[in-house]
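Visitor: What follows is a predicted protein model with its sequence.
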Amino acid sequence: MPWFGLGVFKAKEGEEVVSSVKAAIELGYRSIDTAAIYGNEEGVGRAVRESGVAREELFITTKVWNSEQGYESTLAAFDESMKKLGLNYLDLYLVHWPLPAVGKYKDTWRALEKLYKDGRVRAIGVSNFHVPHLKDLMADCEIKPMVNQVEYHPRLTQKELHEFCKENQIQLEAWSPLMQGQLLDEPVLAELGQKYGKSVAQVILRWDLQNEVVTIPKSVNPVRLKENADIFDFELTAEEMSLIDGLNEDRRVGPNPDEFNRE
């Protein structure tokens, strides 16, 4: 699984998502993250086919949406996603939200285990799962989640969750790593950017990588796509990493997974 990739949340189906995915692949991106609810799986699939890069060099992720949770409905949702993507196999399939009040994620997970055992997906995981959700799932599962994709940025460092995932060999992956642009005026980050000749976004994405968190910033702007990927030629010191850690306020831009139960 690449450490760095492209998220396509809110990228419009059609030319916008096709051109941004193709531009990203041309720039060297090898991981693309979509979801059934994004409504752009067809465009992602088209871009993959038109990119000229061999399928086995790319890492494609999608997710089962809340309304499709449950064993049979998840299997059907996977088939639908694969039809839209036009792929023979998937690299990573995720349960999009735990929906604790709905209580279907264990049945959903059984479907993911089947897909994995059948060789239709190379890795399975979850998204937006807190430690209690993971513990509950792992108490009954045959195959533990390989990835947990969560909201993660300097204002929401989720240390306890990160430690739990490390202890259980679950790879943490960040969505909304740039906090939807809300961190771009943060003085600590701006100062570090000046020191290294990098943007605030690049400093944040570098912090992700040094924390061993996979990151998938979203952009449809070719200039930003290039800038976001240009983070492998500098390194933050341990002191600078701690400074960024200190910006945590447990503040979210998305819903709290404990409370979000919309199907």
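Guide: Alright, I've got the coordinates.

Visitor: which parts of stretch 144-159 are buried?
Guide: Neighbour-count burial for stretch 144-159 flags 145-158 (criterion: 16 or more other CB atoms under 10 Å). The C-beta positions use only the backbone N, C-alpha and C, and glycine is treated the same way.

Visitor: what's the most distant pair in the residues you listed?
Guide: Using CB to CB, the pair of the buried residues of stretch 144-159 lying farthest apart is 146 and 155, separated by 26.6 Å.

Visitor: Format the buried residues of stretch 144-159 as a markdown table; extra columns: secondary structure, pLDDT and distance to residue 4.
Guide: Shown next, in a markdown table, are these (DSSP: H, G, I helix; E, B strand; the rest coil; pLDDT from 0 to 100; distance: CB to CB, whole Å):
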| residue | secondary structure | pLDDT | distance to residue 4 |
| --- | --- | --- | --- |
| 145 | coil | 98 | 21 |
| 146 | coil | 98 | 18 |
| 147 | strand | 98 | 15 |
| 148 | strand | 99 | 17 |
| 149 | strand | 98 | 14 |
| 150 | strand | 98 | 17 |
| 151 | strand | 98 | 18 |
| 152 | coil | 98 | 14 |
| 153 | strand | 98 | 15 |
| 154 | coil | 98 | 17 |
| 155 | coil | 98 | 21 |
| 156 | strand | 98 | 20 |
| 157 | coil | 98 | 19 |
| 158 | coil | 98 | 19 |
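
Visitor: Which residue comes closest to residue 112 once chain neighbours are left out?
Guide: Closest residue in space to residue 112, ignoring its immediate chain neighbours: residue 124 at 4.2 Å, by CB to CB, 6 or more residues apart in numbering.

Visitor: Contacts only, for the one you found.
Guide: 92, 93, 94, 109, 112, 113, 115, 116, 143, 145, 146 (CB atoms under 8 Å, 6 or more residues apart in numbering).

Visitor: Ok, residue 112 next?
Guide: 64, 74, 93, 95, 121, 124.

Visitor: Kindly report the same for residue 10.
Guide: Here residue 10 is in contact with 38, 218 (criterion: CB under 8 Å, 6+ apart).
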